[in-house]
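> have a look at this fold, sequence not included:
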């Protein structure tokens, strides 16, 4: 018998998206050949983590922005 794999603690994140946003997500995944939404989200997080990626801008109203915690 094989050993049981030890998993690190993980969390589930759930978001509501409009039909238009859902189509956009699917288009991005198809264009970039990304199979899972979680992989796309990891790439997006990497973009925000990288301080030199000034092209990444939040799409929410400025008044509702919360300060980001240090990712490092």
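Okay, I see it. In this text, all values refer to a predicted model and were calculated from it rather than measured experimentally.
> just the buried residues of stretch 3-19, please?
Across stretch 3-19, burial judged by 16 or more other CB atoms under 10 Å covers no residue at all. The C-beta positions use only the backbone N, C-alpha and C, and glycine is treated the same way.
> which residues does it contact?
For stretch 3-19, contacts defined as CB atoms under 8 Å, 6 or more residues apart in numbering pick out 25, 41.
> what average pLDDT does it get?
Averaging pLDDT along stretch 3-19 gives 84.
> and for stretch 24-38?
91.
> what helix or strand does residue 9 sit in?
Counting by DSSP states H and E, no helix or strand carries residue 9.
> cool, and residue 44?
Going by DSSP H and E, residue 44 is part of helix 37-49.
> next: residue 30.
Assigned by DSSP H and E, residue 30 falls in helix 19-31.
> quick check: residue 28 vs residue 43, distance?
Using CB to CB, to the nearest Å, one gets 10 Å for the distance from residue 28 to residue 43.
> between those two, which contacts overlap?
The contact lists of residue 28 and residue 43 share residue 34, where a contact means CB under 8 Å, 6+ apart.
> who are the packing partners of the helix holding residue 44?
Here helix 37-49 touches helix 19-31, going by 3 or more CB pairs under 8 Å, 6 or more residues apart in numbering; DSSP states H and E.
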